[in-house]
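Visitor: take this sequence and fold it.
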Amino acid sequence: MSQEKKSKLRKRFFKMRKSLSRETVEIRSYEVEAVLRKVLNDDVQSVMFYMPINNEVDLLPLAVELYKKGKTVIFPKIIGNDIYPYIIRDIDFDFKLGPFNIPEPDRSEEHTSELQSH
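Guide: Modelled structure (predicted):
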């Protein structure tokens, strides 16, 4: 797919998301969370999430729940032009605003090279 087509699709979906009511976003988030709960069995040890912005599906309650159950919770972090997965050590305090004003992990020393030993 060309960059131009991707850009047009992103703009289209962004416009669609922005037009959704808060109630619709909450309902859709709950529906997605319910599907994920069906596939996230006890054998799953780590799950990667993202910080929702602009009416994206909000799975943060599930991230918090899994973190509290001792699962490895991962969020992306932007460094330069690259995106790296980071293990969250403290779900309540491990975030700061990143380069695009999106909350991301605040601890650069915890890059998921650690995951290779999990």
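Visitor: go through this structure and flag its longest strand.
Guide: strand 72-79 (DSSP state E).
Visitor: any buried residues in the helix or strand that that strand is followed by, and which?
Guide: Using DSSP states H and E, the next helix or strand after strand 72-79 towards the C-terminus is strand 82-87. For strand 82-87, the neighbour count (16 or more other CB atoms under 10 Å) marks Tyr84, Tyr86, Ile87 as buried. Using the backbone N, CA and C atoms, a C-beta is placed for each residue, glycine as well.
Visitor: for the helix or strand that strand 82-87 is followed by, the averaged confidence score.
Guide: Using DSSP H and E, the helix or strand that directly follows strand 82-87 along the chain is strand 95-97. For strand 95-97, the mean per-residue pLDDT is 85.
Visitor: relative to the next helix or strand after strand 95-97, what are the paired strands and their orientations?
Guide: Remark: after strand 95-97, the chain's next helix or strand is strand 103-105, criterion DSSP H and E. Applying DSSP bridges to the sheet, strand 103-105 is found paired with strand 95-97 (antiparallel).
Visitor: ok, and what's touching the partner strand?
Guide: Applying CB atoms under 8 Å, 6 or more residues apart in numbering, the external contacts of strand 95-97 come out as Met51, Phe75, Pro103, Glu104, Pro105, Asp106.
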